[in-house]
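Visitor: Can you look at this prediction? I've put the sequence above it.
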Amino acid sequence: MSSKVPPIILNNGVEMPQLGFGVWQVPDAEAEQAVATALEAGYRSIDTAAIYGNEEGTGRALAASGVPREELFVTTKVWNSDQGYDATLRAFDTSLAKLGLDHLDLYLIHWPAPARDRYVDTYKAFEKLYADGRVRAIGVSNFEPAHLERLIGETSVIPAVDQIELHPHLQQHAAREYHAEQGIATEAWSPLGQGKGLLEVPAIVAIGQKHNRTPAQIVLRWHVQLGTVVIPKSVTPSRIKENIDVFDFALDTEDLAAISALNEDRRLGPDPSTFSAG
Ligand code: NAD
């Protein structure tokens, strides 16, 4: 099945599907089946990370799918303990080998990990990988505007993407505004709020009833209309299919305003200004 997902154009002209499939917390043994189901459902963008421990299962599914490589968009991320110029180059080779690929579509610094103070060197290794044609776009994850400002001041390639926690309870206005000014695409992680609480919020349930859609579809459609890239995760086939089926309806201004009113600046994950684990 061909993809139903429209692309967004990154700041270097590369096209990235606006909706992809995330595999955090999917064990390697289950990743192959989950990614295979996602590819069958029409997903072409897969978001993994070295620390997820499922690059091999993901790679097996990609190889077995028969989907031409040029239709796929594969993202992985360098983990905190591999930050630094040489360590990052080695980590990239390891990730690529596990994925069974000869190039990557997007490589991200997983966290700024400010206490380690290595993200500038890490990004310089990314610039080399990019210049060598081993990755089509480079970017960051969990970078706040202050981290991005320093990075942009000390390196040459503006990141294509910043993947951050973003959902109706954490709408990230300041980060999104900074990204827009710099031409960086915002990508939302935990877009469904990890399926906790958010999908039972009465305003979202009501909008779902109005459009005859599930709460998850309403939240994903909200992301799409914000213009962000979104990477929901599920291992349940019916939900995997449901989550990509959000391109044939639209929320109206009243719906969008009701969801915007849900912001609580509430994080589910760690605070990027202090998280440096590894
Ligand atoms: P998510 O917001 O996508 O929620 C996933 C959970 O929501 C599922 O486990 C399931 O319980 C529920 N769910 C999914 N579809 C549903 C549906 N249709 N109906 C009802 N419930 C549904 O959470 P996530 O996995 O944390 O985030 C998505 C992806 O973002 C990850 O898999 C990963 O690729 C990425 N991520 C990145 C970072 C980072 O630091 N860069 C951190 C977390 C996640």
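Guide: Now that the structure is in, tell me what you want to look at.
Visitor: So which bits of stretch 40-49 are buried?
Guide: 41-49 (16 or more other C-beta atoms under 10 Å). No exception for glycine: its C-beta is placed from N, CA and C like everyone else's.
Visitor: Could you give the number of residues near the residue in the stretch 151-278 of the chain that the ligand sits nearest to?
Guide: Closest to the ligand within the stretch 151-278 of the chain is residue 195: 2.5 Å, counting by C-beta to the nearest ligand atom. With neighbours defined by other C-beta atoms under 10 Å, the count for residue 195 comes to 15.
Visitor: do the same with residue 128
Guide: Neighbours of residue 128 using other C-beta under 10 Å come to 15.
Visitor: What residues does the chain have near the ligand?
Guide: Contact residues, the chain versus the ligand (C-beta under 6 Å from any ligand atom): 22-24, 47, 110, 141-142, 163, 189-195, 199, 214, 216, 231-234, 239, 242-243, 269.
Visitor: Going by neighbour count, which of those residues are buried?
Guide: Using 16+ other C-beta under 10 Å, the buried ones in those are 22-23, 47, 110, 141-142, 163, 189-194, 199, 214, 216, 231-234, 239, 242-243.
Visitor: Would you map the helices across the stretch 51-200 of the chain?
Guide: Taking DSSP state H, counting those that start in this stretch, the helices of the stretch 51-200 of the chain run over residues 55-65, 85-99, 119-131, 145-154, 173-182.
Visitor: Would you mind putting those into JSON lines with mean pLDDT alongside?
Guide: Formatted as JSON lines, the helices of the stretch 51-200 of the chain follow (pLDDT from 0 to 100):
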{"stretch": "helix 55-65", "mean pLDDT": "98"}
{"stretch": "helix 85-99", "mean pLDDT": "98"}
{"stretch": "helix 119-131", "mean pLDDT": "98"}
{"stretch": "helix 145-154", "mean pLDDT": "98"}
{"stretch": "helix 173-182", "mean pLDDT": "98"}
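Visitor: Out of those, which gets nearest to residue 15?
Guide: For residue 15, the closest of the helices of the stretch 51-200 of the chain is helix 119-131, at 16.5 Å, according to C-beta to C-beta.
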